[in-house]
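Student: Compute the structure for the input listed below.
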Amino acid sequence: MNYEDLLDEAYNGGLTVKEKPLVAYDGLISGDRIAIREDMTTARKACVLAEELGHHYTSVGDILDQTDLENQRQEFRARIWAYKKLLSMDKVLDAAGKGYTAPHDMAEYLDVDEEFLREFLAWQGIVEITV
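Tutor: Numbers count the residues shown, from 1 in each chain. Now for the predicted structure:
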């Protein structure tokens, strides 16, 4: 699933997605509107949009205050939703089997950004991948 697919999913779900010159956040959702920071790679936009869709499906209310434990839980649920939407261990193993073992190369092959891939792998219990 790539950025265009996620845009289609959002649109089909009645959501409006706009790219904006955001400063403090990569993405924000309010009601049925999602803002994505415009000056990111397409792969990064996909990761951010997937997480914002995760918020749409799993979060309730304003969770910007991350000092609140319940807000942290909701943030984590949305991130897990995004991981499951964009990645799987089968996809990672397929990429590795095709020779994409360096994190940057694997992320590019999987059409996600490297930070998102590393965080997914950490969530899966794989602390670090190396060449």
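Student: Just the strands from the protein, written as ranges.
Tutor: Ranges of strands in the chain, per DSSP state E, are 16-20, 27-30, 33-37.
Student: I'd like to know which of those strands lies nearest to Val92.
Tutor: Closest to Val92 of the strands of the chain is strand 27-30 (C-beta to C-beta; 23.7 Å). C-betas here are computed from N, CA, C, even on glycine.
Student: Give the buried residues for that closest one.
Tutor: Judged by neighbour count using 16 or more other C-beta atoms under 10 Å, the buried positions of strand 27-30 are 27-29.
Student: Might you report the residue contacts of the closest residue to Tyr11 other than its chain neighbours?
Tutor: Leaving out its chain neighbours, the residue that sits closest to Tyr11 by C-beta to C-beta, 6 or more residues apart in numbering is Val17, at 7.4 Å. Contact analysis of Val17 by C-beta atoms under 8 Å, 6 or more residues apart in numbering lists 7, 10-11, 33-36, 49.
Student: Now with 10 Å, please.
Tutor: Each residue near Val17 by C-beta atoms under 10 Å, 6 or more residues apart in numbering is listed here: 3, 6-7, 9-11, 27, 29, 33-36, 45, 49, 52-53.
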